[in-house]
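J.: how would this look folded up:
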Amino acid sequence: KYRQPQSCHYAICLKTDNRPLGYGLKREWRHQGIVSEACRAVLELAKQEQIPFVSTTHDRTNRPSGQVMKRLGMIYRYSYAEHWQPKNKLVVFRMYQLDLNDSVNRTYEKYKEQALAWFVETEI
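T.: From the prediction side, this is the model:
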């Protein structure tokens, strides 16, 4: 991934010991603003690198993730269904986007194009 242009991978670590907190933040670390703080730092780096926009997705049953996206100023664009691996079950994801360059209005379409189905939810 690091060899690809504009590919980045990050780990969320505690400031006290620099220990990664893992994928899907452990329960004892949730609801403390850790993910929001980490995301703000990544967004600031993206702005410095002049990345035009950032898109994110979450399983729509994981409402806390959607709330983090909203707090960061991200805008819901659409939902899409796909067979999620490794469990091979149908999951609906919500796609949010934050434009970092105000001069262009765009929507990242790749998830929509590859989805089994896509739609816009009106009650977000």
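J.: how about residue 11, what does it touch?
T.: Listed by Cβ atoms under 8 Å, 6 or more residues apart in numbering, the contact set of residue 11 reads 20-21. All C-beta atoms are positioned from the backbone trio N, CA, C, and that covers glycine.
J.: neighbours around residue 54, how many?
T.: If you count neighbours by other Cβ atoms under 10 Å, residue 54 ends up with 18.
J.: could you find the closest non-adjacent residue to the residue nearest the centre of the chain?
T.: Nearest to the mean C-alpha position of the chain, by Cα atoms, centre = their mean, lies residue 56 at 2.6 Å. In space, and not counting its chain neighbours, residue 56 is closest to residue 96: 5.2 Å by Cβ to Cβ, 6 or more residues apart in numbering.
J.: hey, what's the one you found bridged with?
T.: residue 56, residue 76 (DSSP bridges).
J.: just the CA trace of the helix-or-strand element of the chain with minimal mean pLDDT, in CSV.
T.: When the helices and strands of the chain are compared on mean pLDDT, DSSP states H and E, helix 34-48 comes out lowest with a mean of 91. Output in CSV follows, covering the C-alpha atoms of helix 34-48 (Å, rounded to 0.1, in the frame of the first residue of the first chain):
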residue,chain,number,x,y,z
ILE,A,34,-9.9,9.3,20.9
VAL,A,35,-11.1,8.5,17.4
SER,A,36,-12.3,12.0,16.8
GLU,A,37,-8.9,13.4,17.9
ALA,A,38,-7.1,11.0,15.6
CYS,A,39,-9.3,11.7,12.7
ARG,A,40,-8.8,15.5,13.1
ALA,A,41,-5.1,14.9,13.0
VAL,A,42,-5.4,12.8,9.8
LEU,A,43,-7.6,15.5,8.2
GLU,A,44,-5.1,18.2,9.0
LEU,A,45,-2.4,16.1,7.3
ALA,A,46,-4.6,15.6,4.3
LYS,A,47,-5.1,19.4,4.0
GLN,A,48,-1.4,20.0,4.3
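J.: elements contacting that helix?
T.: Secondary-structure packing of helix 34-48 (3 or more Cβ pairs under 8 Å, 6 or more residues apart in numbering; DSSP states H and E): strand 53-59, helix 63-71.
J.: with that, I have no additional questions.
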